[in-house]
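Peer 1: Sequence and computational prediction follow.
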Amino acid sequence: MKYLLVTAVFFNFCFSSLGQATKQPKFSFDKNKPFIILNSKRGITKQSSATDTLECKGWKIPKNVLPGIIKNSKSINGTELDLTFEVLPCIVDGQLKQNGQVYKFEINAGSWMYIYSSDSTIILGNFKKMDEKYFLVPPDK
């Protein structure tokens, strides 16, 4: 009887925690809620197949414009990124903070960006005509 009770408790624990263990963490960054840019810098990404980085010379997005660029962007998936945006070697990367949580970001001169934490990533694309001046290449429409 004692063996049966221990076995029942063990199975109950395993099956009740099984559903919890398989849940994906919810990415908590919300571009529509207040956030601040902690730091940013220009850089070159290795994700681009372009070997010529001369186009990056002089390209920048002012730090005070970054929140608007992020807010004006919309969530995209990998297929949309692949079919609609160019992956250029020029990036602005840094950190932002929302509700006490620090996230990293990388904005590509091809009008798209990543915002990520240790366990989650979102991809955003900027389709706004008014923001095209901050990128080297707009998205295909």
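Peer 2: That came through fine.

Peer 1: ok, which stretches of this structure are strands?
Peer 2: Using DSSP state E, the strands of the chain run over 36-44, 74-75, 90-98, 101-108, 112-116, 121-125.

Peer 1: To residue 66, which of the ones you listed lies closest?
Peer 2: Comparing those against residue 66 with Cβ to Cβ, the closest turns out to be strand 36-44 (5.0 Å). All C-beta spots, glycine's among them, are computed from the backbone N, C-alpha and C.

Peer 1: for the strands of the chain, which one ends up most surrounded?
Peer 2: strand 112-116 (a mean of 21; mean count of other Cβ atoms under 10 Å).

Peer 1: Residue 105 touches residue 93, doesn't it?
Peer 2: Yes - with contacts counted by Cβ atoms under 8 Å, residue 105 reaches residue 93, the gap being 6.5 Å.

Peer 1: what residue is smack in the middle of this structure?
Peer 2: Nearest to the mean C-alpha position of the chain, by Cα atoms, centre = their mean, lies residue 115 at 2.2 Å.
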